[in-house]
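>>> structure, please.
(one chain, ligands or ions: 1)
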Amino acid sequence: MTEQTGDDAASEAPRYPDLMERIVNLAKRRGFIFPSAEIYGGFRSTYDYGPLGVLMLRNVKEAWWRSMVQLRDDVVGIDAAILSSPKIWEASGHLDNFTDPLVDCRNCHERWRADKIDGTCPSCGSADLTEPRAFNLMFKTFAGPVEEDATVAYLRPETAQGMFVNFLNVLTTTRKKPPFGIAQVGKSFRNEITPQNFVFRTREFEQMEMEYFVPPDEADKWFHYWLDERMRWYLDLGIPASRLRLRHHDTDELSHYSTATADVEFLFPWGWDELEGIANRTDFDLKAHAAHSGEKLEYFEQSTGERYVPYVIEPAAGATRTMMAFLLSAYDEDEVGGERRAVLHLDPRLAPYQVAVLPLSKKDELMPLARQVLGLLQPVAVCDFDTTQSIGRRYRRQDEVGTPYCVTVDFDSLEDGAVTVRDRDTTEQVRVPIDRIAEQIAGRLRR
Ligand code: GAP
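Now for the predicted structure:
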């Protein structure tokens, strides 16, 4: 079952049939995302975030943290270890259940996820495939200098378990009471059989997850509350309603721990696909960890004397995947002054640079003033300082990476003490006194 968000909910025809290619090229050419280990021929489906990518990814995570933690009084954050006791994964069911069905092609020896292909090998077309076998997605390693079974450890395949095993620590140190949440942003690792579609599915990725602990009889209410909240977050940051939808899982699709799950889906170039899963995880995890650890993972309500194991509503998003969706939906081309330009209409909160300071000429006369303007703006915005090539070329370059404002220092600035502020989307230019530039830009960014 799917719920559309906008009035114009019909799937849009893609504006650019080669959008994916354009984004992958732009990401590499402009320093957002590089294929990893390129000088050694690469390492399949791993990526490095370059100077602009690291800024944008931080902004995505910051926007999530701001809405999920900073602007609330019922959610706190943690940062748990990536490597921890393997007992966690035994209790959570990951050691037994976190598997995908793997098949081998007997003809070309490629390996595939059986549930993602239609009975023939996508590489050579052969139908001569092995029977599916369960392949555990967790990365195994050894903690300490001895490689033996006693030292086996796993890289976490989700951040969520860090919240469950710290439930009591957080409860006692913060004095929170249900409903309350624990949030975490960090890397997770899955040995995906077929990583694909750029950073959509990779073996190393970043998650933004929150476990919201509630009285069991309120679980349904909070499940729907978080569906609304999370949809609002993507829309507020600029994903068009026509490219976003909620898809409720059918009963036979639910994970072993869940009684209700819905995915926030985005219209990717290959079709609708998951950005985030929102699940009612019931009391499965707390009970499983209580049974395996021997600790009571409960909440005691002093006023009523009631003791219970909270249910958990979990909005689980991917930071790297979401950044890709923001790039895809922000890309556009238009014409400015008879010239074609590529532009990323990124929300200023997500754009790698919020401002570019551009001295009209590299001549010595303008540089001190341009640097002074940069110094005024750096405390209020992430700034680029670009002195190379014509001003028109520099505007195009900033448009292409989504910089919302360019501030140009010209020869008139030396006389009138003012600079030109150019808006990325309207290309409108206004003159602003230098002594008011920081306040003006801060004001525009706050909107
Ligand atoms: N704790 C629940 C959980 O991990 P999930 O649906 O497996 O649920 C949540 O993952 C989100 O993490 C996904 O919606 C997706 O955005 C992101 N994600 C999962 N696997 C990924 C991968 N291999 N590459 C990139 N992002 C991934």
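>>> in the protein, which spans are helices?
19-29, 51-65, 87-92, 94-97, 160-165, 167-174, 219-236, 284-293, 319-330, 367-377, 391-400, 411-416, 437-446 (DSSP state H).
>>> the ones you listed: which one's closest to residue 185?
Of all the helices of the chain, helix 51-65 sits nearest to residue 185, with 5.0 Å by CB to CB. The C-beta positions use only the backbone N, C-alpha and C, and glycine is treated the same way.
>>> does the ligand sit close to the closest one?
No: Helix 51-65 does not reach the ligand (CB under 6 Å from any ligand atom); its nearest approach is 11.4 Å.
>>> next, the buried residues of stretch 164-183.
By neighbour count on 16 or more other CB atoms under 10 Å, the buried set for stretch 164-183 is 164-168, 170-171, 176-183.
>>> next one: stretch 379-392
380, 381, 383, 384, 385, 386, 391.
>>> and the end-to-end length of stretch 60-74?
One end of stretch 60-74 sits 21 Å from the other (CA to CA, to the nearest Å).
>>> so for it, mean pLDDT?
In this model, stretch 60-74 carries a mean pLDDT of 98.
>>> which residues sit against it?
75-77, 176, 179-181, 183, 185, 206, 208, 210, 229, 233, 237, 315, 317, 319, 322-323, 326, 349-350 (CB atoms under 8 Å, 6 or more residues apart in numbering).
>>> so which residue of the stretch 301-447 of the chain comes closest to the ligand?
residue 318 (2.4 Å; CB to the nearest ligand atom).
>>> I'd say that residue and residue 201 touch.
No: Residue 318 is beyond contact range of residue 201, at 9.3 Å (criterion: CB atoms under 8 Å).
>>> PyMOL command to pick out the buried ones of the contacts of stretch 60-74?
Command for PyMOL that selects the buried part of these, burial taken from 16+ other CB under 10 Å:
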select buried, resi 75+77+176+179+180+181+183+185+206+208+210+233+237+315+317+319+322+323+326+349+350
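>>> next, check the contacts of stretch 60-74 against the strands and list the overlap.
Using DSSP state E, 75, 76, 77, 180, 181, 183, 185, 206, 208, 210, 315, 317 are the members of those that sit in strands.
>>> report the two of the residues you listed separated the most.
Farthest pair in these, by CB to CB: 180 and 206, 23.8 Å.
>>> what's the distance between the residue sitting nearest the centre point of the chain and residue 63?
With distances taken as CA atoms, centre = their mean, residue 319 lies nearest the centre of the chain, 1.6 Å away. Counting by CB to CB, to the nearest Å, the gap between residue 319 and residue 63 amounts to 10 Å.
>>> my read: the residue nearest to the centre of the chain touches residue 202, true?
No: with contacts counted by CB under 8 Å, residue 319 stays clear of residue 202, the gap being 11.7 Å.
>>> which bits of the stretch 101-250 of the chain sit near the ligand?
So far as CB under 6 Å from any ligand atom goes, the stretch 101-250 of the chain lies against the ligand at 158, 160, 190, 192, 201, 202, 205, 207, 209.
>>> let me know how buried residue 86 is, in neighbour terms.
Each residue near residue 86 was counted by other CB atoms under 10 Å, and the total is 17.
>>> ugh, typo on my part, it should be residue 121
21.
>>> and for residue 25?
By the criterion of other CB under 10 Å, residue 25 has 11 neighbours.
>>> compute the distance between residue 293 and residue 179, please.
Residue 293 is 24 Å from residue 179, by CB to CB.
>>> an error on my part: the question was meant for residue 70.
Distance, residue 70 to residue 179, using CB to CB: 18 Å.
>>> repeat that for residue 241.
Distance from residue 241 to residue 179, by CB to CB: 28 Å.
>>> next one: residue 436
Distance of residue 436 to residue 179, given as CB to CB: 45 Å.
>>> count of neighbours near residue 40?
With other CB under 10 Å as criterion, residue 40 counts 7.
>>> likewise for the one 10 residues further on?
Applying other CB under 10 Å, we find 16 residues neighbouring residue 50.
>>> can you get me a residue count around the closest residue in space to it that isn't next to it in sequence?
The shortest distance from residue 50 to any non-neighbouring residue, by CB to CB, 6 or more residues apart in numbering, is to residue 31 (3.7 Å). The number of residues packed near residue 31 is 17, by other CB under 10 Å.
>>> ok, residue 31 - contacts?
50, 51, 52, 53.
>>> do you know the pLDDT at the second one?
I take that to be residue 51. Reported pLDDT for residue 51: 98.
>>> which one's more surrounded, residue 318 and residue 201?
Counted by other CB under 10 Å, residue 318 and residue 201 do not tie: residue 318 has more neighbours, with 24 against 19.
>>> interface residues of the stretch 301-447 of the chain facing the ligand?
314, 316, 317, 318, 320, 321.
>>> 5 Å instead?
By the rule CB under 5 Å from any ligand atom, the part of the stretch 301-447 of the chain lying against the ligand is 316, 318, 321.
>>> I figured residue 24 was touching residue 200, is that so?
No: Residue 24 lies out of contact with residue 200 (CB under 8 Å); the separation is 11.2 Å.
>>> so for the closest residue to residue 144 other than its chain neighbours, what's the pLDDT?
Distance criterion CB to CB, 6+ apart; nearest residue to residue 144, sequence neighbours excluded, is residue 151 at 4.9 Å. pLDDT for residue 151: 90.
>>> from here on, call the first residue 21.
Taking 21 as the first residue, the last one we looked at is residue 171.
>>> how near is residue 171 to residue 324?
For residue 171 relative to residue 324 (CB to CB), the value is 46 Å.
>>> one more: residue 239?
For residue 239 relative to residue 324 (CB to CB), the value is 19 Å.
>>> who has more neighbours, the two?
residue 239 (22 against 7).
>>> so where's the stretch 21-170 of the chain uncertain?
21-34 (pLDDT under 70).
>>> quick check, the residue in it closest to the ligand?
residue 157 (8.6 Å).
>>> in contact with that residue, which residues?
118, 119, 120, 177, 210, 211, 212.
>>> which among those count as buried?
Buried among these by 16+ other CB under 10 Å: 118, 120, 177, 210, 212.
>>> may I have the residues that are in contact with the second one?
By CB under 8 Å, 6+ apart, the contact set of residue 120 is 133, 135, 154, 155, 157, 212, 213.
>>> what about the first one, how many residues close to it?
Meaning residue 133. Residue 133, neighbours per other CB under 10 Å, totals 15.
>>> run through the residues that contact it.
120, 121, 122, 123, 213, 214.
>>> who does it bridge with?
residue 122 (DSSP bridges).
>>> and the closest residue to residue 147 other than its chain neighbours, backbone torsions?
Once flanking residues are discounted, residue 147 sits nearest to residue 140: 4.9 Å by CB to CB, 6+ apart. When read as degrees, to the nearest 10, the backbone of residue 140 gives phi -130, psi 150.
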